[in-house]
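For reference, the sequence and a predicted model appear below.
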Amino acid sequence: MMFTRDRAIALTVTLVGLLTLAPTTSSAQPDQGAVAAAPGPGTNYATDDPFTAERTAWFRDNRFGMFIHFGAYSNLEGEYTRPDGSTCQYSGGAEWLQYLCSIPKDEYEKQAATFNPKEFDAKAIVAAAKSAGQKYIVITTKHHDGYAMWPTKQNTWNLRDHSSFDKNRDILAELKQAADAEGIKLGFYYSIWDWHDPNFTGDFPQYKERMRAQLKELIDGYDPDLMWFDGEWTVASDRPVNPWSARDGEELESYLRDLDPSMVINNRVGKRRVSDGDYGTPEQEIPEAPVDGQLWESCMTMNNTWGYSRRDNNWKSGAELTRNLLNTTSRSGNYLLNIGPDKLGRVPAPSIAALKEIGDWLDRSGQGAAIYKAGFPGVVAEPDWGVVSRSGNDLYASVYHWPGAGKPLHLTTTTTGFTVGSASVLGSGQKVTVTKAGDGYDIIPSGDDTNPAATVIKLSITPPAPTAEGTGTGLKAEIFDNDQLSGSPRATRTDPTINYAWRFGGSPAESIPSDHFGTRWTGTIEPRYSEKYVFTTVSDDTVRVWVDGRLIIDNTRPHAPTVDKGAVDLQAGKKYAIRVEHTEQTGEAHMKLLWSSPNTPQQIVPSSQLSPN
Ligand code: FHN
């Protein structure tokens, strides 16, 4: 059984409950463990732009990570023998075995008591990640079964207190030390959904308290670079039904930001939406294009299961996994590729082999340049013979279907604003001819491909010189204490950017309540390239955007956090009138304005290009 994202997001979002433990505004200094100040008028939870922030640079540049699913479920290796001798087995979703086989709690606890991953070798795992070219690792610290993989003080359902493992060992500490020694970033997976804790169904506020205490242990004790939440969905047929709400997500994300503002957090901290956390998390699939409004990372298995299953030998080839990595990078996404250690903590040999195959490809002939610090090309459309990634003024055409010597590979351009200079095949001295052809260029290699996974043709391009960075300071903001933008504004100021996540408790200013408000931003916007600009908004409840007097985004039906887009051709250096109107009625409030162009990666429109007059 494949656990695709459908299971996780076939959910009805029920916004329930009151804010129990109010989070702080993100400007507050992290206060170890104290209950943070209540949010309220003037709180903006968006502290930076994940597309450009220094805080997220390592995540955006590195592109490739290792996922590790390792827990008490690993001890069963995908197969449970009932007391009557019958067996229950799953090749996919071995980490769900307790649920799928309806293993009684005491039986599951009994098997966990025999768990002894004595061959877990953090250095070897980090070495495997390095050999693959993976620059960060995310390990499950607590999956849905609630079993903690570190010596938590919150209960005894953990690897220290409830196993046959060496009580002097701490695998998270071992992994942290090994990762630090090799310059690998370390992230922690933590499931909100908990099958074991009686408070999950008995006293959810108390469960959230314990969850926060465990997360504080993890953050204080191991200093993770990233938190990967899971089990946030609410599916009526689940056992137990998960009451996690968007308000809970607001509270948790704010708590985490206060504990460590530098962490990167995925969108399953909330309800897996464009407005939650720093990045989106498609699972077992790769989006067909860059994701609008949010960074993203596709997590995938090497076979069919996240947790180890001794029966699942349906391993993907190294070539397929390499192409998955190239596909994600070419759409400005990350690839989080999973391994599932067995009950002794050993990494399956096929996983090790595949990881090395990927790493060898990356190391060969500088092909890693197509991945690291690379992303969506912008200036060409994705071809049918492979994918194209861009790093600065270099395009990397990764060819899956080689045309043969002398035959063309066509690239369709999306802008007239660049020329192609040199072209070469990485790892081959063959001549490559580039000629203008129809709606783009023909790239004509003179020799053979270099390997079965992907042959990379490096194209050095000359994009148009951008105009000098603007001297803008932002847009004039008129803030109204009503959702009709009527009467006089309660507050008028200059907002450097439109980058707001007010969520449930926040608002644009101290004088503005958290519901029934609106803002009009006006001024001018100055593009740095002469090309088509796509404007993207993330809004809740309504949004309208005019550029140069043209209404390019118009979504006035009250909505939950939603992405809208509109495009307009702009001339570099020219200042265009811009007007943005947002209204909040009740519930959550969000408003972000991003842009992108063939030569401008997606980002919050920077203040330098905005002027209030
Ligand atoms: O239910 C989990 C599943 O076991 C696995 O951990 C994946 C990996 O992201 N996440 C959930 C399914 O969406």
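Structure's in. What do you need?

ok, Gln571 to Pro464 distance?
Here the criterion is CB to CB, to the nearest Å. By it, Gln571 lies 11 Å from Pro464. Every residue, glycine included, has its C-beta placed from N, CA and C.

Compare those two and say which is more crowded by neighbours.
With neighbours defined as other CB atoms under 10 Å, Gln571 and Pro464 compare such that Pro464 has more, 17 against 12.

Check the secondary structure at the more buried one for me.
Following DSSP: H, G, I helix; E, B strand; the rest coil, Pro464 is assigned to coil.

Now for it: which residues touch it?
Shown in contact with Pro464 (CB atoms under 8 Å, 6 or more residues apart in numbering): Gly417, Phe418, Tyr529, Ser530, Ala572, Asn599.

gap between it and the ligand?
Using CB to the nearest ligand atom, to the nearest Å, one gets 41 Å for the distance from Pro464 to the ligand.

and that residue, how far is that from Ser530?
7 Å.

And Glu297, by the same measure?
33 Å.

got the buried residues for stretch 448-456?
Asp449, Thr450, Asn451, Ala453, Ala454, Thr455, Val456 (16 or more other CB atoms under 10 Å).

Go through the residues you listed and flag which are in strands.
Thr455, Val456 (DSSP state E).

show me the contacts for the closest residue to the ligand within the stretch 301-450 of the chain.
Residue nearest to the ligand within the stretch 301-450 of the chain (CB to the nearest ligand atom): Trp306, separated by 4.4 Å. By CB under 8 Å, 6+ apart, the residues touching Trp306 are Phe3, Phe67, His69, Gly93, Ala94, Glu95, Asn338, Gly340.

contacting residues for the nearest residue to it once chain neighbours are set aside?
Excluding the flanking residues, the one nearest Trp306 by CB to CB, 6 or more residues apart in numbering is His69, at 4.0 Å. The neighbourhood of His69, defined by CB under 8 Å, 6+ apart, consists of Glu95, Thr140, His143, Tyr189, Trp306, Gly307, Tyr308, Asn338, Ile339, Gly340.

What's the per-residue pLDDT of the second one here?
Per-residue confidence for Thr140 comes out at a pLDDT of 99.

tell me the contacts of it?
Thr140 is in contact with Ile68, His69, Phe70, Gly71, Glu95, Met149, Tyr189, Ser191, counting by CB under 8 Å, 6+ apart.

which of those are close to the ligand?
Glu95 (CB under 6 Å from any ligand atom).

Which of the contacts of Thr140 are buried, as a PyMOL select command?
If you want just the buried ones from the contacts of Thr140 in PyMOL, going by 16+ other CB under 10 Å, the selection is:
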select buried, resi 68+69+70+71+95+149+189+191
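
After the helix ranked longest in the chain, heading C-terminal, what element do we hit next?
If you go by DSSP state H, the chain has its longest helix at helix 204-222. Later in the chain than helix 204-222, the nearest helix or strand by DSSP states H and E is strand 226-230.

Quick one: distance of the helix or strand just after that next one to the chain centre.
Downstream of strand 226-230, the first helix or strand assigned by DSSP H and E is helix 246-259. Helix 246-259 has its C-alpha centroid displaced from the chain centroid by 17 Å (CA atoms, centre = their mean, to the nearest Å).

on that earlier part again, more neighbours: Glu297 and Ser530, which one.
Glu297 (28 against 19).

sorry, back to before: want to throw the buried residues of stretch 448-456 into TSV with distance to Trp402 and pLDDT?
As requested, the buried residues of stretch 448-456 are arranged in TSV below (distance: CB to CB, whole Å; pLDDT from 0 to 100):
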residue	distance to Trp402	pLDDT
Asp449	4	98
Thr450	9	98
Asn451	10	98
Ala453	11	98
Ala454	10	98
Thr455	6	98
Val456	11	98
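
three-state assignment of the closest residue to the ligand within the stretch 401-550 of the chain?
Distance from the ligand to each residue of the stretch 401-550 of the chain (CB to the nearest ligand atom) is smallest for Val538, at 22.8 Å. Secondary structure, three-state DSSP: Val538 is strand.

burial of it, as a residue count?
Val538 is flanked by 26 other residues according to other CB under 10 Å.

got the contact list for it?
Val274, Ser275, Gly293, Gln294, Pro561, Thr562, Val563, His590, Met591, Lys592, Leu594.

out of the residues you listed, what pair is the most spread apart?
Within the contacts of Val538, Gln294 and Met591 form the most distant pair, 14.6 Å apart (CB to CB).

Looking at the two, which is more packed in?
Neighbours were counted for Gln294 and for Met591 using other CB under 10 Å; Met591 has more, 27 against 24.

who's that one bridged to?
Met591 forms beta bridges with Tyr500, Ser539, as assigned by DSSP bridges.

these two touch, right, it and Thr537?
Yes - look at Met591 against Thr537 with CB atoms under 8 Å: they come within range, at 7.2 Å.

one step back: using a markdown table, please lay out the contacts of Thr140 together with secondary structure.
A markdown table is the format used below for those (three-state DSSP):
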| residue | secondary structure |
| --- | --- |
| Ile68 | strand |
| His69 | coil |
| Phe70 | coil |
| Gly71 | coil |
| Glu95 | helix |
| Met149 | coil |
| Tyr189 | strand |
| Ser191 | strand |
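
The ligand: which of the contacts of Thr140 is nearest?
Closest approach between these and the ligand, by CB to the nearest ligand atom: Glu95, at 4.6 Å.

Quick check: neighbours shared by Gln571 and Pro464?
Counting by CB under 8 Å, 6+ apart, the contacts common to Gln571 and Pro464 are Ser530.

Looking at Thr14 now. What's its pLDDT?
Per-residue pLDDT puts Thr14 at 33.

Give me the neighbour count for the spatially closest residue to Ile219 that is not a sequence neighbour.
Once flanking residues are discounted, Ile219 sits nearest to Leu259: 5.0 Å by CB to CB, 6+ apart. Neighbourhood size, Leu259 [other CB under 10 Å]: 20.

What confidence value was assigned to Leu259?
On pLDDT, Leu259 comes in at 97.

For Thr47, see how far away it is.
14 Å.
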